[in-house]
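Chemist: Got a sequence here, can you model it:
(chains A and B)
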Number of protein chains: 2
Amino acid sequence: MAKQQKMVDAITSMDEDFAKWYTDVCKKAELIEYTSVKGCMVIRPYGYAIWENIQRILDGMFKETGHENVCMPMFIPESLLQKEKDHVEGFAPECAWVTYGGSEKLEERLCVRPTSETLFCEHFKNVVHSHRDLPKLYNQWVSVVRWEKTTRPFLRSREFLWQEGHTLHATAEEAIEETERMLNVYTEFCQKYLAIPVVQGQKTESDKFAGAERTYCIEALMHDGKALQAGTSHYFGDGFARAFDIQFSNKENKLTYPHQTSWGMTTRLIGAIIMTHGDDNGLVLPPAVAPIQAMVIPIAQHKEGVLDKANELCDRLKKVCRAKIDDSDQSPGWKFAEYEMKGVPVRVEIGPKDIENNQCVVVTRHNREKTFVSLDNIEEVILEKLQEVNDGIYAAALENRERRTYVAKTLDDITKALEENGDGFVKAMWCGNEECEDKVKEITGVGSRCIPFEQENLSDTCVCCGKPAKTMLYWGKAY
Amino acid sequence: MAKQQKMVDAITSMDEDFAKWYTDVCKKAELIEYTSVKGCMVIRPYGYAIWENIQRILDGMFKETGHENVCMPMFIPESLLQKEKDHVEGFAPECAWVTYGGSEKLEERLCVRPTSETLFCEHFKNVVHSHRDLPKLYNQWVSVVRWEKTTRPFLRSREFLWQEGHTLHATAEEAIEETERMLNVYTEFCQKYLAIPVVQGQKTESDKFAGAERTYCIEALMHDGKALQAGTSHYFGDGFARAFDIQFSNKENKLTYPHQTSWGMTTRLIGAIIMTHGDDNGLVLPPAVAPIQAMVIPIAQHKEGVLDKANELCDRLKKVCRAKIDDSDQSPGWKFAEYEMKGVPVRVEIGPKDIENNQCVVVTRHNREKTFVSLDNIEEVILEKLQEVNDGIYAAALENRERRTYVAKTLDDITKALEENGDGFVKAMWCGNEECEDKVKEITGVGSRCIPFEQENLSDTCVCCGKPAKTMLYWGKAY
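Modeler: Residues are numbered from 1 along each chain as shown, chains lettered A, B, ... in the order given. Below is the predicted model:
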């Protein structure tokens, strides 16, 4: 009985404590639940349904671009992980190690994959012999493990779900093209389906993936002004191929090392959705990935004919979107709060008066705008409203990013901008020297996020050392 | 060049060496590749595409019956695994244990999930409080690890992919109903979509799942007369709920233990497909899960107009099924062998003469029957042919099972039947005593497979001890 009567508990407000607001949303929207293993969470049905929608759309985009799904083992023998020097240095410190199988100690310990380059390389060596075997365009949907010290749901967990693409090409040009193609796929996915604007760029040398020649990334700005890396795409050159001795006979029948890429997106995206679009009433979901796009709520449902009409309405909506009805005995007010918390993009209310007037009330989640809509063409209007939510949250996110993107020419500029306006992206010139990168972080607290593809010439000198600038960088505090 | 010219290598024949034939098919049809971790395999694109089709269909059936997908962590703390006594006894000996995170020894070791009852129980305890929270109808698609000594691709691997359903109910009746419902879902899936006939039954006490009150199963008979357990559905009573102290307040506001089920199907099903339908030319795939249902092969494709017409034909077929064209420069003979090896249900040949006659040649994989088909209504005919393949392989599998199902009244009968006709199912009466179960296996080599739901009264006495019989059992050698 307690449960039936309780109203949805309020959550901490964003301004008061953004971190607490975030975990409140994760829990109250029933996305996750903690477990007894630190850093490992249960993804509950509502959270997992978001991930399934992300998977479905991304997987379609991967297949459209010629990729095939495979499944590699979850274990990597230590000796295999060690074959590429930079790679093992980057990942070994955070591997979970299996040392026993049943009661027997293993001869060689196995790590639970933190990423699968080494496994794909071992496989490529087995199956690639001729130029006819190339390109190999593979992807897998699995979970990986990285033994992080501090953890947060979705953003940094010890186990997380992801997809990892791994491709092998005859030439460097083809591999670089692939690296860029997949970054563009990620960009389109974030902007079009998650309504999250992103900056495309390249990581600096010190920040690239362990073993990569180049790491491309997309960076998004969260509501609190912190940056979040939403996806990465790596070009490996032939470094892994050489380390794993993968060779193919080219068209001239000469043994050649192929060129490789990998790229990944993770359940972090759900964290990005929460922190980009959420508000003090809870989650706000982009319609493309929302498990429920329209929730029908009958008003005074005990009155004759209301439930029938509401069900009929829901059935009509189901034909054009993911619609659902809540005809439980909770009060309408409870239901409003509940589905606002869960970020359902559109709410549709229908009561006796509405039925009389052949109408219903449509409320869009992001701005809580109420519209009376004739039942005659409700399907059309719902689709328009879903588009409105999508466009509205994208515009708000873009506005937030623009408002929080600062230009700095000196270290003082950086400090001042952050102090006055709060966290955000800082655009500033850089000499290309790692020491300056470190010093900027030490003094101002913002690290380099990426060298954006869209360059601007803000000044001729490095924001840190005053020597000639090579490139413009985006700086920021990051999740 | 070597690769272009080679014909598809022949495989070992089934009669000569069934086990070798099986692994040959796994490799030559490009379903799997071995890795350096014993018992862990790469599932290659063609193999994984079969699994994706299995997933898609089964997942639809689960959602249709009200289930939601979730994702539990892959790690189980040792203390959590130990909470249910029978369960830990059954699984601990084959757990892979993580003992280090990075360079730090863990305070408590974690096993990589061999199955997730304990994790679901921990979660249920957190989220189930009232009868309003029930039932919980959950499923997850993950991989699990069991440290087996002897391993075989798909049939017994240390890591395998599966789905595991876990449900929690207010009453025993509801939970038992669920256990049966999911066994029926599995049965329908096997028979309708994989064209594999199965026997439904219950495992004997000694053979049930660790921690279960009852284990239901479906048993299939492979081409060599060995049995394969294709899916299991377990009823737990309230044993786990008591061990994990999961209670809910029922409608009378009284604290009550809920009743639980779990059920699973694995990548083993791919092994079952291979061994039920395959032949000496390779794989034969049930159309419902075949990655390619119709393969178009142009004949004399260098001749003008052939490729255009073949592509046009393929485009038409794509509208009604999963069709593909192979216009590579391999010879038609090579292609025939290649797609027979890969078990593509229907091959469509089209050459200059066919085009002249407005026809194509359709060959069904299972019986290699050739039909000349007018291009006018080729879509219709292809769908009929796919149905023909499905029905044909189901009938053949059923015929094989019936031919290899023997009735025995004495131990001698069993031995004789197996000697004379080869391995198969033996139907025989049983007193219900575990000692007799063991003795039958010791003397004749066949173990109890299940107590079939469809009982027959073959005699009044146990096949082993001659005492009054309780029930009829299916016996067999098993994968």
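Chemist: Report the closest residue of the stretch 251-400 of chain A relative to chain B.
Modeler: For the stretch 251-400 of chain A and chain B, the shortest gap (CB to the nearest CB) falls at A:N253, measuring 7.3 Å. Yep, even glycine has a C-beta here, placed from its N, CA and C like the rest.
Chemist: List phi and psi for that residue.
Modeler: phi 70, psi 30 (degrees, to the nearest 10).
Chemist: repeat for A:K254
Modeler: For A:K254, the backbone dihedrals (degrees, to the nearest 10) come out as phi -110, psi 140.
Chemist: Contact partners for it?
Modeler: By CB atoms under 8 Å, 6 or more residues apart in numbering or on different chains, A:K254 lies in contact with nothing.
Chemist: separation between it and A:A170?
Modeler: Distance, A:K254 to A:A170, by CB to CB, to the nearest Å: 12 Å.
Chemist: then the helix or strand where A:M265 lies to PDB, C-alphas only?
Modeler: Following DSSP states H and E, the helix or strand that holds A:M265 is strand A:259-266. C-alpha atoms of strand A:259-266 as PDB (Å, rounded to 0.1, in the frame of the first residue of the first chain):
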ATOM      1  CA  HIS A 259      46.600  -1.100 -42.100                       C
ATOM      2  CA  GLN A 260      44.100  -1.200 -39.300                       C
ATOM      3  CA  THR A 261      41.400   0.800 -37.500                       C
ATOM      4  CA  SER A 262      39.200   0.500 -34.500                       C
ATOM      5  CA  TRP A 263      36.300   2.600 -33.200                       C
ATOM      6  CA  GLY A 264      33.900   2.400 -30.300                       C
ATOM      7  CA  MET A 265      30.900   3.800 -28.500                       C
ATOM      8  CA  THR A 266      29.700   2.700 -25.100                       C
END
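Chemist: Tell me the helix or strand right after that strand.
Modeler: Taking DSSP H and E, what comes next after strand A:259-266 is helix A:268-277.
Chemist: and that next one, is it in reach of chain B?
Modeler: No. Counting by CB under 8 Å from any CB of the partner chain, chain B has no neighbours in helix A:268-277; the shortest distance is 11.7 Å.
Chemist: What helices and strands are in contact with that helix?
Modeler: helix A:18-28, helix A:45-64, strand A:227-237, helix A:378-403 (3 or more CB pairs under 8 Å, 6 or more residues apart in numbering or on different chains; DSSP states H and E).
Chemist: Go through those and pick out the most buried.
Modeler: strand A:227-237 (a mean of 24; mean count of other CB atoms under 10 Å in any protein chain shown).
Chemist: Would you mind extracting the C-alpha trace of that one into CSV?
Modeler: Only the C-alpha atoms of strand A:227-237 are listed here, as CSV (Å, rounded to 0.1, in the frame of the first residue of the first chain):
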residue,chain,number,x,y,z
ALA,A,227,33.2,17.8,-21.6
LEU,A,228,32.3,14.2,-22.4
GLN,A,229,34.1,12.1,-25.1
ALA,A,230,31.2,10.4,-26.9
GLY,A,231,33.1,8.2,-29.4
THR,A,232,36.5,7.6,-30.7
SER,A,233,37.9,6.2,-34.0
HIS,A,234,41.5,5.1,-34.1
TYR,A,235,44.0,4.7,-37.0
PHE,A,236,46.7,2.2,-36.2
GLY,A,237,48.8,2.3,-39.3
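Chemist: how distant is it from the center of its chain?
Modeler: Taking the mean of its C-alpha atoms, strand A:227-237 sits 12 Å from the chain's own mean (CA atoms, centre = their mean, to the nearest Å).
Chemist: Give me the residue at the spatial middle of chain A.
Modeler: Closest to where the C-alpha atoms of chain A average out (CA atoms, centre = their mean) is A:L269, at 2.0 Å.
Chemist: thinking that one is in contact with A:I57, fair?
Modeler: No. Counting by CB atoms under 8 Å, A:L269 stays clear of A:I57, with 11.0 Å between them.
Chemist: so how far is A:G343 from the residue of the stretch 251-400 of chain A closest to chain B?
Modeler: Distance of A:N253 to A:G343, given as CB to CB: 58 Å.
Chemist: now do A:R368
Modeler: 13 Å.
Chemist: So between those two, which is more surrounded?
Modeler: Neighbour count, other CB atoms under 10 Å in any protein chain shown: between A:R368 and A:G343, A:G343 has more, with 28 against 12.
Chemist: For the helix or strand hosting A:N139, list the C-alpha coordinates in PDB.
Modeler: Element membership of A:N139, judged by DSSP H and E, is strand A:136-145. Only the C-alpha atoms of strand A:136-145 are listed here, as PDB (Å, rounded to 0.1, in the frame of the first residue of the first chain):
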ATOM      1  CA  LYS A 136      37.900  -7.000 -43.200                       C
ATOM      2  CA  LEU A 137      35.100  -4.800 -41.700                       C
ATOM      3  CA  TYR A 138      34.200  -6.300 -38.400                       C
ATOM      4  CA  ASN A 139      32.300  -5.100 -35.300                       C
ATOM      5  CA  GLN A 140      31.200  -6.700 -32.100                       C
ATOM      6  CA  TRP A 141      28.700  -5.800 -29.300                       C
ATOM      7  CA  VAL A 142      30.100  -7.000 -26.000                       C
ATOM      8  CA  SER A 143      31.000  -5.800 -22.600                       C
ATOM      9  CA  VAL A 144      34.500  -4.900 -21.500                       C
ATOM     10  CA  VAL A 145      36.200  -4.500 -18.100                       C
END
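Chemist: List the pairing partners of it within its sheet, with orientation.
Modeler: Applying DSSP bridges to the sheet, strand A:136-145 is found paired with strand A:68-69 (parallel), strand A:159-169 (antiparallel).
Chemist: And whichever helix or strand comes after the last one, what does it pack against?
Modeler: Just to be clear, that refers to strand A:159-169. Once the chain leaves strand A:159-169, the next helix or strand it forms, by DSSP H and E, is helix A:172-188. Contact partners of helix A:172-188 among helices and strands, from 3+ CB pairs under 8 Å, 6+ apart: helix A:45-64, strand A:159-169, strand A:214-221, strand A:227-237, strand A:259-266.
Chemist: Chain B contacts on the stretch 201-350 of chain A?
Modeler: Counting by CB under 8 Å from any CB, the stretch 201-350 of chain A sits next to chain B at A:N253.
Chemist: related to what we said a few turns ago, A:G101 is nearest to which of the helices and strands packed on helix A:268-277?
Modeler: Distance to A:G101, taken as CB to CB, is lowest for helix A:45-64 among the helices and strands packed on helix A:268-277, at 30.1 Å.
Chemist: and that closest one, how far out from the chain's middle?
Modeler: Relative to its chain's centre, helix A:45-64 lies at 11 Å (CA atoms, centre = their mean).
Chemist: pLDDT (mean, whole number) over it?
Modeler: Averaging pLDDT along helix A:45-64 gives 98.
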